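*Asks:* below: sequence and its predicted model.
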Amino acid sequence: MMKSFFLCALLAVPAAAAKPAYEPLPAELRELSKKGLDAVYAVTLPEAQKHFDEAVKKYPEHPFGHFGLAMVKWAHFEYLEDESDPVLDKEYEALTEKAIAVGDKWLKRHPGDANAHMCVGGMHGLRARLALLQHRWIKAYFEGRKALSHTRKALDLDPELYDAYLGLGMYEYYAGTLSGAVKILAKFFMKGDAEEGLKYLNLCREKGYFNSTAAKLILIEIYTETGSRYADPKTAVKWSRELRAKYPDHAQMHFVEIVSLFENRQYAESRASAEDYLKRLESGDPVYRPNYLPRILVALGSIYLAGHEYQKGLEKFLRARQTLKKDPDAHPTRWAVWAVVRAGHALDLQGLRDKSREYYREALSYKDEWGMGDYIKPYFKNPFGQTDLPGSLPPP
């Protein structure tokens, strides 16, 4: 994940000749946007759509409502379709193009609108993320450059616009945690301070109006990164439980809790939570969508591997793998492909080396839209062993 954020590295923003007069966000637009974003985080997307449609109707020239509509589409792609629907990403890109055009036009007339700068920066940031998922590196770089430029302008206008520290914190953290060849190349473009980034993210978490939940989720992701010097799974468990209490009918928050418990090596609790998740999914609970099946099976399989129950883990991974076979013409999901990799791990742990290589080859046969290839290839030379346990539950 750190590698992917390299292409959000940005050059320094040129200094402005004079700071324009500050312009606040209209109170009604602020309220509508807050309701819409809260609905996005709750994955009540029709409700979010309603609020942002109203925002666009009442404030058609301001970018905030248009950004919100793009966020709703992104939520469909990120939360509901697991970043695995190529049609939705095209629809999302079209919406962001429109929103950015509205924002650029607005900022020419209202250069002192810090919230609009933050909004346009957020749109460029999400476009950069989408480009990264598709390995469109040059596009990701230039979108990321624009994102940070607008974020810095927003904070220059209003240092207490705490929501803007989300983007700045992400930049500092990921730029400061690059490794290997990517880190050497990055020196030509930017420098980052991971600890400073964490401070910014926590500032947004504590004081942000729109982005507090987003900052908390990003921090949980950082704190549950396997092997990271900044890992803090104990805090991740605490915060994930707070989010589940706030969003009790939210499958994604439920899954965040499962991962946090796993990384904190609370395997019994992680397994109980994962089994509850699977039960809800199999019972037809509409919040737990059928396309979430591969991820929860991978979670359960990973928990079994951590407990040295390799065959049970393999069975879960193979069941997740079967979802790839149901419709050969369907676009493969990243969790199902990751299940194939984890099946290889389970086979390696049982000493079935020839068979494990078959699964690694199968995983590589799918179009790599998530950057798994660099992770998989070393296993052809060196098997996944007990010293590698528990391994990463989410895909790299």
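*Replies:* That came through fine.

*Asks:* any idea how many residues pack against Tyr79?
*Replies:* 18 (other C-beta atoms under 10 Å). C-beta: built from backbone N, CA, C; applies to glycine.

*Asks:* check contacts around Leu29.
*Replies:* Ala55, Lys58, Tyr59, His62, Phe64, Gly65 (C-beta atoms under 8 Å, 6 or more residues apart in numbering).

*Asks:* from Leu25, how far off is the closest residue to it other than its chain neighbours?
*Replies:* Counting by C-beta to C-beta, 6 or more residues apart in numbering, the nearest residue to Leu29 once its immediate chain neighbours are dropped is Tyr59, at 5.1 Å. For Tyr59, the distance to Leu25 equals 10 Å [C-beta to C-beta, to the nearest Å].

*Asks:* let me know the secondary structure of Ser228.
*Replies:* Put simply, Ser228 is coil when judged by DSSP: H, G, I helix; E, B strand; the rest coil.

*Asks:* how about it: what's its closest non-neighbour residue?
*Replies:* Ile222 (7.0 Å).

*Asks:* now do Thr235
*Replies:* Excluding its sequence neighbours, the residue lying closest to Thr235 (C-beta to C-beta, 6+ apart) is Tyr223, at 5.7 Å.

*Asks:* repeat for Glu242
*Replies:* Lys216 (7.9 Å).

*Asks:* quick revisit: need phi/psi at the residue nearest to Leu29.
*Replies:* Main-chain dihedrals, Tyr59, degrees, to the nearest 10: phi -130, psi 60.

*Asks:* and for Gln311?
*Replies:* According to degrees, to the nearest 10, Gln311 has phi -70, psi -40.

*Asks:* so of the contacts of Leu29, which ones are in helices?
*Replies:* Residues of the contacts of Leu29 located in helices (DSSP state H): Ala55, Lys58, Phe64, Gly65.

*Asks:* not counting its neighbours along the chain, what's nearest Lys234?
*Replies:* Nearest non-adjacent residue to Lys234 (C-beta to C-beta, 6+ apart): Asn264, at 5.8 Å.

*Asks:* just Val256 next, same as before
*Replies:* Nearest non-adjacent residue to Val256 (C-beta to C-beta, 6+ apart): Ser240, at 4.7 Å.

*Asks:* surely the one you found and Glu257 touch.
*Replies:* Yes: shown here, Ser240 and Glu257 form a contact pair, counting by C-beta atoms under 8 Å, at 4.2 Å.

*Asks:* higher neighbour count, these two?
*Replies:* Remark: of Ser240 and Glu257, Ser240 carries more neighbours, 27 against 23, as counted by other C-beta under 10 Å.

*Asks:* sticking with the more buried one, tell me its helix or strand.
*Replies:* Following DSSP states H and E, the helix or strand that holds Ser240 is helix 233-246.

*Asks:* again with Gly125
*Replies:* Short version, using DSSP H and E: Gly125 is in helix 114-133.

*Asks:* packing partners of that helix?
*Replies:* helix 63-75, helix 86-109, helix 137-157, helix 165-175 (3 or more C-beta pairs under 8 Å, 6 or more residues apart in numbering; DSSP states H and E).

*Asks:* nearest to Ala339, of those?
*Replies:* Nearest of those to Ala339, taken as C-beta to C-beta: helix 86-109 at 20.4 Å.

*Asks:* buried stuff in the closest one?
*Replies:* By 16 or more other C-beta atoms under 10 Å, the buried positions in helix 86-109 come out as Leu88, Asp89, Tyr92, Glu93, Leu95, Thr96, Ala99, Ile100, Val102, Gly103, Trp106, Leu107.

*Asks:* number of nearby residues for the spatially closest residue to the last one that is not a sequence neighbour?
*Replies:* Taking C-beta to C-beta, 6+ apart as the measure, Leu107 lies nearest to Ala116, with 5.6 Å between them; neighbours along the chain are not counted. When neighbours are defined as other C-beta under 10 Å, Ala116 has 26 of them.

*Asks:* now do the contacts for Ala116.
*Replies:* Counting by C-beta under 8 Å, 6+ apart, Ala116 makes contact with His62, Pro63, Phe64, Gly103, Trp106, Leu107, His110.

*Asks:* wait, the fourth one sits on Glu61?
*Replies:* It refers to Gly103. No: using C-beta under 8 Å, Gly103 makes no contact with Glu61, being 9.8 Å away.

*Asks:* where does pLDDT dip in the stretch 51-200 of the chain?
*Replies:* 77, 80-89, 129-137, 140, 178-191 (pLDDT under 70).

*Asks:* could you export the helices and strands packed on helix 114-133 to JSON lines, including columns for distance to Ser270?
*Replies:* Converted to JSON lines, the helices and strands packed on helix 114-133 look like this (distance: least, C-beta to C-beta, whole Å):
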{"stretch": "helix 63-75", "distance to Ser270": "26"}
{"stretch": "helix 86-109", "distance to Ser270": "30"}
{"stretch": "helix 137-157", "distance to Ser270": "33"}
{"stretch": "helix 165-175", "distance to Ser270": "26"}
